[in-house]
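A.B. asks: 3D model of this:
(2 chains)
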Protein chains: 2
Amino acid sequence: MPEEFQHDWIEELHRALEHSDATALLAAAGNVHYADLAHLYENLDNDKRDLLLKTIGPEMATDMVAELPYTLIEEALKHFKPAQLRVLLGNLSDDDRVDVFQVVSPESQVRFLGLLGPRDKELTRNLLKYEEDTAGGRMTTQIGRVTADMTVKEAITVLRRDREDAETLARIFVVDEEGRLVGKLRLRDLAFSTWDSAISELMEEADEYVLAGADQEEAARTLAKYDLVVLPVVDEFHHLLGVITYDDALEIVEEESTEDIEKLAGIGGEQSEMSYINTGATLHYKRRVVWLVGLAFVSIASGYVMYRFSETLEQAFILSLFLPMVVAAGGNSGGQSATMVIRAMALGEISAGNALRIAWKEVRTGLMLGISLGLAISAFITLVLPAMLPLTGGHFDFTELALAVAVALTAQVCSSTVLGAMLPISARAIKLDPAVVSSPSLSSIVDVTGMVIYFTVASAMLSL
Amino acid sequence: MPEEFQHDWIEELHRALEHSDATALLAAAGNVHYADLAHLYENLDNDKRDLLLKTIGPEMATDMVAELPYTLIEEALKHFKPAQLRVLLGNLSDDDRVDVFQVVSPESQVRFLGLLGPRDKELTRNLLKYEEDTAGGRMTTQIGRVTADMTVKEAITVLRRDREDAETLARIFVVDEEGRLVGKLRLRDLAFSTWDSAISELMEEADEYVLAGADQEEAARTLAKYDLVVLPVVDEFHHLLGVITYDDALEIVEEESTEDIEKLAGIGGEQSEMSYINTGATLHYKRRVVWLVGLAFVSIASGYVMYRFSETLEQAFILSLFLPMVVAAGGNSGGQSATMVIRAMALGEISAGNALRIAWKEVRTGLMLGISLGLAISAFITLVLPAMLPLTGGHFDFTELALAVAVALTAQVCSSTVLGAMLPISARAIKLDPAVVSSPSLSSIVDVTGMVIYFTVASAMLSL
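C.D. replies: Below is the predicted model:
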């Protein structure tokens, strides 16, 4: 069976590296998929990386290098001599090549450009104009392209010439004499039609496309929504520049999801392209320290509220039993709404225009949640607590305490729920990334409101 | 330009619905993509939904129904008479049809099966054997399939017959006489080869495949890793059963990411297939209440610690100024590690075997984070605080306070960071979903450790 087969080759490769056996290494590498080769490379030490790259050479290394995490690419290319680099860079597909150029140092960029042939150099220069995270920055220009006035036979001749270069022929695009996108067709329509049929008869309208300057997320979402294999990328005059393919879309969706998840946990900076395990402790530290220190200072505010209410607390220390609960319930329920709203915005489901409708939904959800929580805790305070804890003096009873805690809880949960939903929407409205409203930053805000609500309600209702 | 074009048609459709103009409605619906039609349907009231479905009829409605959120499908099918349902169900691609059968009530399932032709009925019964979230449950069986002993001409004849049914011909699979997968080829290889070439000469090995019982996430990840358009699904005897396509993979990745994000925020249950805005407040409430109430009771534990240390607090109420900070810093730093580890596990980057290496990485990261935080807060306490706040009695000075807070902070951040990374790994080790270690549930644990650490350190160092 193929699977066992492949696992054997990877084993073989490890063994060959261990024994510095170049012949066995070359044989094994030839039988391993480039994605597996890249994964393996990531986990090697420098000597073994050098041995691997030197042995397999630039031809076999091309696809593997394109598959590496961005942070490892420049280092990997250092193992090659200029003549080998020329081969490797020339072999890369145009979108992979631009990715490489985008992640290396400016000096390497200039040096690498010098190694390219004139056509590749111009193409790369043009593609480098687009930001890395736009449709233009992700597209490939290597596509099947015909004109409407061709016959099937002429089209097949043109495509046969280009077929080794084209990244996909699943969709072929039809352009006019100015290079403007006018339609699309499937290779199967060509393969199964008579040779003298006109392309203009076979082609469909190309209704879905994306502008080169559009965000890569928009491109991925359009591709997913309309179940496309490839999405054409055009400029403002509707000239066909290239395509985004389904595998780009998959990568974009994974990257953006990871980024969103990390932001929600208060982890800063660009998402590391390297896997968790291969990212050093220092880099982990750098991505996390700014948020942590910032949030720590914000939480002095809730400390200050607690400090100001020290007299209330001194009069009834039993209040401390439920203080963390009221405060945390706000963080938790607010975090839930913020997460759902941020995710819904990321998936393009809601916009600022829905703000009122969302607020109303969250007020109702928050009320239900707050009342349920209040009831559960009241039951605990009046039924269970007296048996566990003798009331340590004071001029109020368990029923009064239960009522005060329940009211404070409902108020805190309800306000935090609405706040959690509204803050990301407001952030978007002032052009901030909604995900800055991470769970930790929201918590640090509703911690303060929780303290204020709890002590105010308790002082009033228990006449402290 | 097409975009403006399309927007006009959607406008038109809205207007036709408003005026119950069936002719205009039919014309407009024919020009709108089924994905847009489904999105529009979701936001209509029941009368308009009925009008829309009755007007466009089962033929035009087929693709739209397949695109609807699962929770709306059964309701949508109620608008059709049996004869119309027969048409609609027959028109669905086999994987979409199974999806429909999986989400309707058992009674509807029986009734719908009765409406199918004998071939579709058997196929659907077979596919229904697989769990919804496995590769078998997501695959389509409508693929291009040839045998190795055919010539290109014979293969094209076979594929021409199947081409309207096949979901994609981007990859064509080669099977032996038993139906076992032996290779694959691209349509372009057929289209550009001479008609008498043998398939066995043109085909490549089909190294990547997935078992029908495998998790859908595994299928999506394999497809993404190897940049495949389609991934063959086989049974344990290597019989080719069907394929998972790139658009399934995109859907799976989005679904699983949303599920992970929601779990991290303590939102329970299956992810709602409906968009946030179309999910009612009651459903939102149900998905959130269990976690909230559970967490509330857990946080009584930290209340109890605070209550037990009331004497310490009474002796130095200034301690309350930094209590929320020390506690929150643990939740925040622990939440960061937990999130990174859970995401890395979801992406298949790390496993339980790496536990020690991860713990060591987090100890170092945690120490660096804790010391940075401690230094920043010490500076604040010794340099800024004296000017803001006159020391309210007590037998210790700002330097002592700074030192105690810094030590407690370092201990809390370091322990929480390691705990945050280890808990998801432990959960996985005992076969739980790592994402049960959500930010809120982790917070409720490290809140307790934070209280204990803070009060113990402060009592000892300030001799309270």
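
A.B. asks: So chain A: which segments form each domain?
C.D. replies: A:2-129, A:138-245, A:280-461 (automatic domain parsing).

A.B. asks: from the chain's centre, how far out does the shortest one sit?
C.D. replies: Yep, that's domain A:138-245 we're talking about. Per Cα atoms, centre = their mean, to the nearest Å, the displacement of domain A:138-245 from the mean C-alpha position of its chain is 28 Å.

A.B. asks: hmm, back to that, so for B:V98, which of the domains of chain A sits nearest?
C.D. replies: domain A:138-245 (17.0 Å; Cβ to Cβ). Backbone N, C-alpha and C define where each C-beta goes, glycine included.

A.B. asks: Distance from the chain centre to the one helix or strand A:L51 maps to, please.
C.D. replies: Taking DSSP states H and E as the criterion, A:L51 maps to helix A:46-67. From the chain centre to the centre of helix A:46-67 is a distance of 28 Å (Cα atoms, centre = their mean).

A.B. asks: For that helix, which residues meet the burial criterion?
C.D. replies: Residues A:48-49, A:51-53, A:55-56, A:58, A:60-67 are the ones in helix A:46-67 that count as buried (16 or more other Cβ atoms under 10 Å in any protein chain shown).

A.B. asks: Show me what that helix is packed against.
C.D. replies: For helix A:46-67, the elements it packs on are helix A:2-18, helix A:22-30, helix A:34-42, helix A:70-77, helix A:82-91, helix A:94-103, judged by 3 or more Cβ pairs under 8 Å, 6 or more residues apart in numbering or on different chains; DSSP states H and E.

A.B. asks: so what's A:A135 up against?
C.D. replies: Neighbour list for A:A135: A:V210, A:L211, A:A212, A:G213, A:A214, A:D215, A:Q216, A:E218, A:A219, A:V233, A:I244 [criterion: Cβ atoms under 8 Å, 6 or more residues apart in numbering or on different chains].

A.B. asks: filter those to the buried ones?
C.D. replies: Buried, going by 16+ other Cβ under 10 Å: A:V210, A:L211, A:A212, A:A214, A:D215, A:Q216, A:A219, A:V233, A:I244, out of these.

A.B. asks: what's the pLDDT at the second one?
C.D. replies: This points to A:L211. On pLDDT, A:L211 comes in at 95.

A.B. asks: so what's it bridging to?
C.D. replies: A:V234 (DSSP bridges).

A.B. asks: With the last one instead?
C.D. replies: With DSSP bridges applied, A:I244 shows beta-bridge pairing to A:L231.

A.B. asks: who's in contact with it?
C.D. replies: Taking Cβ under 8 Å, 6+ apart, one finds A:A135, A:R138, A:M139, A:V210, A:Q216, A:A219, A:A220, A:L223, A:V230, A:L231, A:V233 in contact with A:I244.

A.B. asks: Next, find the distance separating it from A:Q216.
C.D. replies: Counting by Cβ to Cβ, to the nearest Å, the separation of A:I244 from A:Q216 is 8 Å.

A.B. asks: Which neighbours do these two have in common?
C.D. replies: Joint contacts of A:I244 and A:Q216 (Cβ under 8 Å, 6+ apart) are A:A135, A:R138.

A.B. asks: among the domains of chain A, which is the most enclosed?
C.D. replies: Among the domains of chain A, domain A:280-461 has the highest mean neighbour count (mean count of other Cβ atoms under 10 Å in any protein chain shown), at a mean of 21.

A.B. asks: picking that back up, can you add distance to B:I300 and give the domains of chain A back as a markdown table?
C.D. replies: Shown next, in a markdown table, are the domains of chain A (distance: least, Cβ to Cβ, whole Å):
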| stretch | distance to B:I300 |
| --- | --- |
| domain A:2-129 | 45 |
| domain A:138-245 | 42 |
| domain A:280-461 | 6 |
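
A.B. asks: B:A249 is nearest to which of those domains?
C.D. replies: Taking Cβ to Cβ, domain A:138-245 is the member of these nearest to B:A249, at 9.9 Å.

A.B. asks: And the contacts of A:A135, which is closest to A:F455?
C.D. replies: Nearest to A:F455 among these, counting by Cβ to Cβ, is A:D215 at 45.4 Å.

A.B. asks: so the closest one makes contact with A:G136?
C.D. replies: No: A:D215 is not in contact with A:G136 according to Cβ atoms under 8 Å; the separation is 10.7 Å.

A.B. asks: Not counting sequence-adjacent ones, nearest residue to the residue nearest the centre of chain A?
C.D. replies: Centroid check for chain A by Cα atoms, centre = their mean gives A:E256 as the closest residue, at 1.5 Å. Nearest residue to A:E256, sequence neighbours excluded (Cβ to Cβ, 6 or more residues apart in numbering or on different chains): A:E217, at 5.5 Å.

A.B. asks: Is the one you found in a helix, a strand, or coil?
C.D. replies: helix (DSSP: H, G, I helix; E, B strand; the rest coil).

A.B. asks: For B:A191, see how far away the residue in the stretch 51-200 of chain A positioned nearest to chain B is.
C.D. replies: The stretch 51-200 of chain A approaches chain B most closely through A:A191 (4.2 Å), counting by Cβ to the nearest Cβ. Distance of A:A191 to B:A191, given as Cβ to Cβ: 4 Å.

A.B. asks: Need the pLDDT of A:H395.
C.D. replies: 53.

A.B. asks: Just put the helices and strands packed on helix A:46-67 in JSON lines and tack on distance to A:L462.
C.D. replies: Shown next, in JSON lines, are those (distance: least, Cβ to Cβ, whole Å):
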{"stretch": "helix A:2-18", "distance to A:L462": "68"}
{"stretch": "helix A:22-30", "distance to A:L462": "75"}
{"stretch": "helix A:34-42", "distance to A:L462": "61"}
{"stretch": "helix A:70-77", "distance to A:L462": "58"}
{"stretch": "helix A:82-91", "distance to A:L462": "75"}
{"stretch": "helix A:94-103", "distance to A:L462": "62"}
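
A.B. asks: give the contact list for A:A408.
C.D. replies: A:V326, A:I453, A:Y454, A:V457, A:A458.

A.B. asks: Could you point out the helix or strand that follows the helix or strand hosting it?
C.D. replies: Using DSSP H and E, A:A408 falls within helix A:398-429. Remark: after helix A:398-429, the chain's next helix or strand is helix A:439-461, criterion DSSP H and E.

A.B. asks: what's the angle from that following helix to helix B:439-461?
C.D. replies: In terms of direction (axes from the mean of the first three to the mean of the last three Cα atoms, to 10 degrees), helix A:439-461 departs from helix B:439-461 by 70 degrees.

A.B. asks: what is the rounded mean pLDDT of helix A:439-461?
C.D. replies: The model assigns helix A:439-461 a mean pLDDT of 91.

A.B. asks: where do the helices sit along the stretch 251-400 of chain A?
C.D. replies: Taking DSSP state H, counting those that start in this stretch, the helices of the stretch 251-400 of chain A run over residues A:281-308, A:310-315, A:323-346, A:355-379, A:385-388, A:398-429.

A.B. asks: okay if I get these as a markdown table plus distance to B:G114?
C.D. replies: Putting the helices of the stretch 251-400 of chain A into a markdown table (distance: least, Cβ to Cβ, whole Å) gives the following:
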| stretch | distance to B:G114 |
| --- | --- |
| helix A:281-308 | 58 |
| helix A:310-315 | 69 |
| helix A:323-346 | 39 |
| helix A:355-379 | 40 |
| helix A:385-388 | 59 |
| helix A:398-429 | 45 |
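
A.B. asks: returning to what we had before: which residues touch the residue of the stretch 51-200 of chain A closest to chain B?
C.D. replies: Counting by Cβ under 8 Å, 6+ apart, A:A191 has contacts B:I156, B:L187, B:L190, B:A191.
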